[in-house]
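K.L.:
what would the 3D arrangement of this be:
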Amino acid sequence: FNAGRPLMPRRPIVEPSFGPDGRIYYPETKGPVPNARAGAEPNTEHTELVSVKLDGSDRRVHATFPYADEMAVSPDGKWIGYQEGDNVFLVAFPGLDAGGDPPRIERRGANANKFMIHPLTRQGGLFPHWRDAQTLEFGSANHYYAYHADTKKADTVDIHLTVPRDIAQGTIALTNARSS
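P.N.:
Residues are numbered from 1 along each chain as shown. Take a look at the predicted model:
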């Protein structure tokens, strides 16, 4: 269950992204944080940003997110766009694994001020993915967003769809109906 959305099971959609170093990056949901540090916020579940070489070898964990469901690394490897609590955020990629514990990226809790996290939505955002190295795309209800990391501006398009449908004509009579 997700502490960011109590009573709702986490259902991340794994959509791998490819970094500049030829690695495949993807989110992986895990159980309790191993060896949680003293004073850390209790957490039964978290998401790791993982990468592997194209042949599936050399698995590395680059960061952990206590409440993120979906994430994507920019093609140039500078940014991570992620979805947490049905909103989208942007954070600088913390770098490659230096052999230590992966950094814990969180908006609240013990590590809240260690990373500059940019909220891109406040009223919903889902399915973050990168169009190119500077443009993070995501959606919310009938809105499509394209956030440009270089200019820090977003383009928004409202989507209105209508589909013709058949509507019955006439009347119907129910006969011999009985109540119990």
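K.L.:
separation between Asn142 and Gly124?
P.N.:
11 Å (Cβ to Cβ, to the nearest Å). Placement of C-beta: from N, CA and C, glycine included.
K.L.:
ok, those two, which is more surrounded?
P.N.:
Gly124 (15 against 10; other Cβ atoms under 10 Å).
K.L.:
count the residues that sit near the nearest residue to Gly19 once chain neighbours are set aside.
P.N.:
Closest residue to Gly19 apart from its sequence neighbours, by Cβ to Cβ, 6 or more residues apart in numbering: Gly77 at 4.6 Å. Residues near Gly77, counting by other Cβ under 10 Å, number 20.
K.L.:
do the same with Ala177
P.N.:
The number of residues packed near Ala177 is 6, by other Cβ under 10 Å.
K.L.:
run through this structure and note the low-pLDDT ranges.
P.N.:
1-13, 32-44, 96-99, 180 (pLDDT under 70).
K.L.:
contact partners for the residue nearest to Gly19?
P.N.:
19-21, 93 (Cβ atoms under 8 Å, 6 or more residues apart in numbering).
K.L.:
looking at those, which are in strands?
P.N.:
Using DSSP state E, no member of the contacts of Gly77 falls within strands.
K.L.:
how about the residues you listed in CSV, adding neighbour count?
P.N.:
Shown next, in CSV, are those (neighbours: other Cβ atoms under 10 Å):
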residue, neighbour count
Gly19, 18
Pro20, 12
Asp21, 10
Phe93, 17
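K.L.:
out of these, who's nearest Glu84?
P.N.:
Phe93 (16.4 Å; Cβ to Cβ).
K.L.:
these two touch, right, the closest one and Ala72?
P.N.:
No - assessed by Cβ atoms under 8 Å, Phe93 is found out of contact with Ala72, at 11.0 Å.
K.L.:
counting neighbours, what do you get for Tyr144?
P.N.:
Tyr144, neighbours per other Cβ under 10 Å, totals 13.
K.L.:
oh, that last question was meant for Val14, not what I typed.
P.N.:
10.
K.L.:
picking that back up, just put the contacts of Gly77 in JSON lines and tack on distance to Ala154.
P.N.:
What follows is the contacts of Gly77, written out as JSON lines (distance: Cβ to Cβ, whole Å):
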{"residue": "Gly19", "distance to Ala154": "24"}
{"residue": "Pro20", "distance to Ala154": "24"}
{"residue": "Asp21", "distance to Ala154": "28"}
{"residue": "Phe93", "distance to Ala154": "20"}
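K.L.:
which single one of the residues you listed is nearest to Ile167?
P.N.:
Nearest member of the contacts of Gly77 to Ile167, counting by Cβ to Cβ, is Gly19, at 51.2 Å.
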